[in-house]
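*Asks:* Sequence first, then the predicted structure, then my questions.
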Amino acid sequence: MRKFNIRKVLDGLTAGSSSASQQQQQQQHPPGNREPEIQETLQSEHFQLCKTVRHGFPYQPSALAFDPVQKILAVGTQTGALRLFGRPGVECYCQHDSGAAVIQLQFLINEGALVSALADDTLHLWNLRQKRPAILHSLKFCRERITFCHLPFQSKWLYVGTERGNIHIVNVESFTLSGYVIMWNKAIELSSKSHPGPVVHISDNPMDEGKLLIGFESGTVVLWDLKSKKADYRYTYDEAIHSVAWHHEGKQFICSHSDGTLTIWSVRSPAKPVQTITPHGKQLKDGKKPEPCKPILKVEFKTTRSGEPFIILSGGLSYDTVGRRPCLTVMHGKSTAVLEMDYSIVDFLTLCETPYPNDFQEPYAVVVLLEKDLVLIDLAQNGYPIFENPYPLSIHESPVTCCEYFADCPVDLIPALYSVGARQKRQGYSKKEWPINGGNWGLGVQSYSEIIITGHADGSIKFWDASAITLQVLYKLKTSKVFEKSRNKDEKPNTDIVDEDPYAIQIISWCPESRMLCIAGVSAHVIIYRFSKQEVITEVIPMLEVRLLYEISDVETPEGEQAPPLPTPVGSANPQPVPPQSHPSTSSSSSDGLRDNVPCLKVKSSPLKQSPGYQTELVIQLVWVGGEPPQQITSLAVNSSYGLVVFGNCNGIAMVDYLQKAVLLNLGTVELYGSNDPYRREPRSPRKSRQPSGAGLCDISEGAVVPEDRCKSPTSGSSSPHNSDDEQKMNNFIEKVKIKSRKFSKMVASDIAKMSRKLSLPTDLKPDLDIKDNSFSRSRSSSVTSIDKESREAISALHFCETFTRKTDSAPCPSLWVGTTLGTVLVIALNLPPGGEQRLLQPVIVSPSGTILRLKGAILRMAFLDSTGCLLPPAHEPWKEHNVPEEKDEKEKLKKRRPVSVSPSSSQEISENQYAVICSEKQAKVISLPTQNCAYKQNITETSFVLRGDIVSLSNSICLACFCANGHIMTFSLPSLRPLLDVYYLPLTNMRIARTFCFTNNGQALYLVSPTEIQRLTYSQETCENLQEMLGELFTPVETPEAPNRGFFKGLFGGGAQSLDREELFGESSSGKASRSLAQHIPGPGGIEGVKGAASGVVGELARARLALDERGQKLSDLEERTAAMLSSADSFSKHAHEMMLKYKDKKWYQF
């Protein structure tokens, strides 16, 4: 290993230099061991980073708007985000740069534009006629605070109410202020001594645009005459106003107040309200006023041609309804329906058939924006059922604790998951179609299927179809079904490992080809699932208990107690698999009263009905040891071809044969090294200092077996082949740098401790996370407690593969590669029995190979390449239905068949070598196998650390994609590890991003950007180019409905709607210019289709140019028609004039 030492020195010399030639020298292996060149096709130009779509419920919503003609819904949030929803599959996300909360949204109905008012007193005009909406204009108010906006239908003048009680008027075309201002002191009575408060409502009379109704917070309402610039009527009530709504005839309006009352006023009777209603107040018998209730935050007054009007309101419940959920009240005639909501109501809107305020409204639905949900109520059906929501807004139904992303899945997977998920759908929804159906879908240019799996705090797992930048839930699995639930609230489960969410999912391992699923939960439990289309009833849930200890200790199980169901050591000639038991060790205490041999959760003892879909194959639980709870699981892997599952934590590693239901391997991390442990470790008893989340080493047969014998094959002889001269020198070298490595490992470990403590937080959905220790407060990725000892080395990565386990191997064989948080990779060889019945009778023999590889930083990911540089996927079985009895012929075939890998490695010639790709927090290495020479090496980051690394396929090639804690996204070619992309994307602002970020094939990636939303992005140039075509269109040309008929008599006697020439009133010529210091106009960046960030294809450009030409042609033809009409009318006018002149030519004035 002299070359190894020289190379270390070279690395040290070249670390400071950044020239290209030295970089190349660092990546290449020293001469003499040069690897055969592999042609790499990926280049830097194949990569480009851009956000694609955002899915999920808008986090912290604050405003709502609806375009009744375009049928588009807009939601604004407290972080300045804007989400637009059209038909299912048409969604759009935009962001205000300031990040200020959106307080109000107003559509320019059927114009393809939207005005947003923000808490920083800015107004923005969004252009929705492009696939990626952009801001056309902004207006910043400098001296006044915006409180309410109103834009009348088909008007270009926006009324803006302020905190001072004034109303300004903005031209939405030019985004400039009019000189016309309604001052608060002119609006209220001169005799009034107090300020009326901020403007909380503005609306024009539906029948007379010249009359403006202004609501002030204090309870004063003013009907302002815009032409005469004075107040016509003033209405005063001694309770604060929250909202106002007109009856469509313009003769009455309704106000909602802070004492839970509604007042209905006649426009011409300002003295007192026509009617006062307290919808939820208790009516007192002696005629006294009802008891005050909570404020009615909003009211809407909607009329129908054929029946009574609807009064719809939020809030107003009586104060004695403590603990009652938020409600929406629908009053229709004499009936009052109170609809309870799961979360508090942010806003609601009534969807009506007409956009005209002066016509019968004909309401058909109410859209209710809740704090964490969007609900649509059908007003046309009895009982007011809700519509089934087609948008993927339930991501956060329970807080997301982890997620995985799979692109290019087998084509039959999504239909299979959809078919079992379709049976889970709830009943009782409205039978009508979802009414928000505007916009058009984009072109689906992606042909491959994508699946996202989310794990949740309540133990549920959701499978989502994420193909072609859409998202739809396919299937939901509840992992907590296998456990007994505590009946009383006071009765705690017999675990102190977590305070709440004992079933929370921490890690998901899924094999798409075989459909095997394995999860690790927060209570140190692992569940293995098989997919089946048949329903089964499991009489006894198969389970195993594993005792992972921190050291070989003398803790003995008291006599007379049942030992955990663990098989005899694998080293013996014929290990007997233990028959699965439902719950073998009910409870036990060691001699000094400490809890011992008890799992954290109790598995159900009654038969379990398992619906089609994922069905429990085996439950594995780590048990308490000597009063210490088991440590949480930090890594997990399942392999369907081998029938094995393996998991590790900061104490050690356990491997289980899920076909035989037997534990094969149960070792402490220290024992994996054997005699080659490079660290001096202080043995410590778990009892010496009590930790929040527990104990030590491993003990599968009550400490009676020597660790080396425990997993040694009967035929393997010495399991430690580290006796060659080179390897001895390597050990000497490691001995020399032991002090440095100890310091380094302490540093890394403490980094991980800090990280993982934060990583463990499930989401920000729960308050006071920083203060209160939460359900994930213990490590998800590594040892959090007692980090000061190097001996707390956690298992951080596991990978099954068919490869060369030792330098001397001539052919690949099944193996498990184990990575630890201290940067060590250890290899375990697997000896599998033949397939068929033999596989269920003969033991799997597991033996450490003695191979040890070292990297800087915790190991994150491993993968294997063949000699041509192609990825070797882990071996897997194709999926088959296992609940159907097999035919005899099939059984015969099975007997003869070995569980061979579907990967190309099984057909490899013996002479061909392989490459192991290993990515750690700090660096990546490509190791040539079987020689174990380092072929290529790349130091990914010096100052930060990698949070996620994935080996993914892209453009018929493969690369390593990394996301660093400093916000950089990087990709490297394989096998040479050439840097291809390095983009600063986003800094690690919270641990949710670290916990959920993942890359997948075809240049796709995602992370949880908020507790309720998934952000998807791409690092593929091709996807960036096609993105513009894939995105849906929000605006579609729709004709505005005809205005309501005035009728003959109304026209004759001056009834019906009165129009107002607002241009004449508010224009510069009559009202003058507004004060320049009042507001500042800011031109927006967004007139151009598909803003600079979104790359657009040539085809798209041509299509847009064609569209623009068409529009121009249409406008020109309209102009021609109009010109022709004007010419003909001018012609007829001249004829009439000539006739009149001839008629009266010779008459004297007195003859007229």
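*Replies:* Yep, that arrived.
*Asks:* How many neighbouring residues does the nearest residue to residue 80 once chain neighbours are set aside have?
*Replies:* Leaving out its chain neighbours, the residue that sits closest to residue 80 by CB to CB, 6 or more residues apart in numbering is residue 96, at 3.8 Å. In short, each C-beta sits where N, CA and C put it, glycine included. Using other CB atoms under 10 Å, residue 96 has 22 other residues around it.
*Asks:* just checking, residue 96 touches residue 63?
*Replies:* No - Residue 96 is beyond contact range of residue 63, at 11.8 Å (criterion: CB atoms under 8 Å).
*Asks:* Need the residues touching each of the two.
*Replies:* Taking CB atoms under 8 Å, 6 or more residues apart in numbering as the criterion, residue 96 and residue 63 both touch 102, 116.
*Asks:* which residues of the stretch 51-200 of the chain fall in helices?
*Replies:* 184-187 (DSSP state H, counting those that start in this stretch).
*Asks:* Tell me where the model's unsure across it.
*Replies:* 191 (pLDDT under 70).
*Asks:* again, only using 80
*Replies:* Along the stretch 51-200 of the chain, the model assigns pLDDT under 80 to residues 190-193.
*Asks:* which residues does the residue lying closest to residue 260 once chain neighbours are set aside bridge with?
*Replies:* Leaving out its chain neighbours, the residue that sits closest to residue 260 by CB to CB, 6+ apart is residue 293, at 2.6 Å. On the basis of DSSP bridges, residue 293 is bridged to residue 318.
*Asks:* any idea how far residue 293 lies from residue 345?
*Replies:* Distance of residue 293 to residue 345, given as CB to CB, to the nearest Å: 15 Å.
*Asks:* Looking at these two, which one has more neighbours?
*Replies:* residue 293 (23 against 18).
*Asks:* show me what contacts the more buried one?
*Replies:* Here residue 293 is in contact with 259, 260, 261, 278, 280, 281, 316, 317, 318, 319 (CB under 8 Å, 6+ apart).
*Asks:* What is the neighbour count of the third one?
*Replies:* Okay, so that is residue 261. Neighbours around residue 261, by other CB under 10 Å: 23.
*Asks:* what sits against it?
*Replies:* Neighbours of residue 261 in contact, by CB under 8 Å, 6+ apart: 239, 276, 277, 278, 281, 293, 296.
*Asks:* Residue 849: which of the residues you listed is nearest?
*Replies:* residue 296 (73.2 Å; CB to CB).
*Asks:* residue contacts, the closest one?
*Replies:* Residues 242, 243, 256, 257, 260, 261, 262, 279, 313, 314, 315, 316 are the ones in contact with residue 296 under the rule CB under 8 Å, 6+ apart.
*Asks:* got CSV for these, with pLDDT too?
*Replies:* Converted to CSV, the contacts of residue 296 look like this (pLDDT from 0 to 100):
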residue, pLDDT
242, 96
243, 96
256, 96
257, 95
260, 93
261, 94
262, 95
279, 92
313, 96
314, 96
315, 92
316, 91
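*Asks:* Just among those, which is most surrounded?
*Replies:* If you rank these by neighbour count (other CB under 10 Å), residue 256 sits at the top with 29 neighbours.
*Asks:* where does the stretch 351-500 of the chain dip in pLDDT?
*Replies:* 426, 443-447, 486-499.
*Asks:* Now with 90, please.
*Replies:* Applying pLDDT under 90 to the stretch 351-500 of the chain flags the ranges 422-428, 441-448, 468-469, 485-500.
*Asks:* how about the helices in it?
*Replies:* 413-421.
*Asks:* Run through the residues that contact residue 829.
*Replies:* 805, 806, 813, 814, 815, 846, 847, 848, 849.
*Asks:* tell me which residues form a beta bridge with it?
*Replies:* residue 815, residue 847.
*Asks:* Please report how far it lies from residue 666.
*Replies:* Taken as CB to CB, the span from residue 829 to residue 666 is 17 Å.
*Asks:* hang on, residue 643 packs against residue 657?
*Replies:* Yes - the pair residue 643 / residue 657 is scored as a contact, 5.9 Å apart, by CB under 8 Å.
*Asks:* Compare neighbour counts for the two and give me the winner.
*Replies:* Legend: neighbour count by other CB under 10 Å for residue 643 and residue 657, higher for residue 657 (26 against 21).
*Asks:* The more buried one pairs with what?
*Replies:* Taking DSSP bridges, one obtains residue 644, residue 662 as the residues bridged to residue 657.
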